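1. Kindly return the folded structure for what I paste below:
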Amino acid sequence: MSDFRVVDTTAVQKVRTTRTIGRLGRVAGAMAEVGRHVTFAGRVIVTLPTAVIRYRKQVLREVVDVGFGSNSILAGGGTIGIVLAMTAVAAVMVGVETYRGLDLIGLTTLSGMLSAMANTRELAPVVASIALAAKVGTGFTAKLGAMRISDEIDALDSMSVPTVPYLAGVRLVATMICVVPLYAIGLVATYVATRIVVVYVNGGSAGTYDYFFHITLGPEDVVYSLIKAVVFAAVIVLVHCSYGYHASGGPEGVGRAAGRALRTSILAIGFIDIVLTFALWGLVPEVPALGIS
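-> Numbering: from 1, shown residues only. Below you'll find the predicted structure:
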């Protein structure tokens with residue numbers, strides 16, 4: 001009986017050891033993948049001067065593709081139309097819920113203040129970045145992934161073409177050029193959509209709304225909001241280009257890479273948004289014009 005117990009204990013220990021090794025292997029693999037993406041991002045940033053100087057024509061082509069798509073703004077899937085539509089729809093919901101919530105406590109006059117704060121500090125940069133990730137980011141992953149599985153990237157390497165600045169660097173530069181006007185369109189769309197809902201749909205006072213909106217919205221808020229949008233755009237491009245550049249496993253692998261890149265970029269946007277909100281506006285939000293903190 002003691003022999004059977006010894007054998008059984010040994011078998012259990014072997015199973016536990018195998019599971020532990022498997023878990024450590026998965027952790028090590030995850031850390032290696034993170035390191036690969038971080039290293040790729042560093043290479044892209046370091047080689048940005050090469051992309052700007054040597055591949056200006058490619059940068060211009062990417063600017064057109066990022067901003068307008070291949071055929072038209074909407075039918076071709078241009079980013080302008082998508083950012084405009086998504087931010088406007090999200091702002092409509094902000095206007096509806098803001099007015100309804102304030103109406104319960106008799107403070108609908110503060111709708112303009114909440115619109116200026118919510119749209120500028122959180123809604124516009126996050127929604128515009130998600131639209132950018134869904135449209136531009138996944139496109140980058142698919143293009144680079146298709147080039148990887150068809151050995152085009154290896155062919156460029158064999159011809160001594162620096163693939164990192166040529167494929168990823170130019171896309172990062174083009175996105176940085178496009179993100180400012182794209183985000184400005186999205187930000188204006190949120191302001192207009194929320195005002196229409198509060199003033200024209202719910203019958204709020206236009207003068208009161210505009211008064212609290214303008215007294216709350218300061219130039220520094222717009223600048224901080226733009227900083228968030230630029231940071232989000234850079235992270236999106238680096239993540240999606242990295243996943244596409246390292247894709248493997250044929251067309252199915254490219255699809256998996258696009259899905260993983262989108263999930264990673266959205267999670268990164270959420271985490272970085274929290275960090276930047278606290279870093280730019282502080283742990284305690286303030287509205288100096290109204291003496292509120």
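2. Ignoring the adjacent residues along the chain, who's closest to the residue nearest the centre of the chain?
-> Among the residues of the chain, the one closest to the centroid is Ser129, at 3.9 Å (Cα atoms, centre = their mean). Counting by Cβ to Cβ, 6 or more residues apart in numbering, Ser129 lies nearest to Phe232, which is 3.7 Å off, once chain neighbours are set aside. (Glycine included, C-beta is placed from N, CA and C.)
3. helix, strand or coil for the one you found?
-> Recorded secondary structure, Phe232: helix (DSSP: H, G, I helix; E, B strand; the rest coil).
4. thinking it is in contact with Ile266, fair?
-> No - taking contacts as Cβ atoms under 8 Å, Phe232 lies outside contact range of Ile266: 10.3 Å.
5. which one of those two has more residues nearby?
-> More crowded of Phe232 and Ile266, by other Cβ atoms under 10 Å: Phe232, with 25 against 18.
6. Return the distance of the residue nearest to Ser129 relative to Ala174.
-> 16 Å (Cβ to Cβ, to the nearest Å).
7. Same check on Gln58?
-> 8 Å.
8. Same check on Ala261?
-> Taking Cβ to Cβ, one finds Ala261 at 18 Å from Ala174.
9. Same question for Lys57.
-> From Lys57 to Ala174 the distance is 11 Å (Cβ to Cβ).
10. Of these two, which one has the most company?
-> When Lys57 and Ala174 are compared for neighbours, Ala174 comes out ahead with 23 against 9, by other Cβ under 10 Å.
11. which other helices and strands contact the helix or strand containing that one?
-> Ala174 belongs to helix 170-195 when elements are defined using DSSP states H and E. Packing partners of helix 170-195 (3 or more Cβ pairs under 8 Å, 6 or more residues apart in numbering; DSSP states H and E): helix 48-54, helix 56-68, helix 79-104, helix 111-118, helix 124-132, helix 206-216, helix 219-245.
12. can we see that at 7 Å?
-> helix 48-54, helix 56-68, helix 79-104, helix 124-132, helix 219-245 (3 or more Cβ pairs under 7 Å, 6 or more residues apart in numbering; DSSP states H and E).
13. Below-threshold pLDDT in the stretch 51-200 of the chain: ranges please.
-> In the prediction, the stretch 51-200 of the chain carries residues with pLDDT under 70 at positions 69-78.
14. switch the cut-off to 80
-> For the stretch 51-200 of the chain, the stretches flagged by pLDDT under 80 are 67-81.
15. ok, now which ones touch the residue nearest to Arg195 when sequence neighbours are not counted?
-> Of all residues not flanking Arg195 in the chain, Tyr209 sits nearest, at 6.4 Å (Cβ to Cβ, 6+ apart). Counting by Cβ atoms under 7 Å, 6 or more residues apart in numbering, Tyr209 touches Ser111, Gly112, Arg195, Val198, Val199.
16. same check, this time on His37
-> So His37 contacts Val239, Ser242 (Cβ under 7 Å, 6+ apart).
17. Now with 10 Å, please.
-> Leu238, Val239, Cys241, Ser242, Tyr243, Tyr245, His246, Ala261, Thr264 (Cβ atoms under 10 Å, 6 or more residues apart in numbering).
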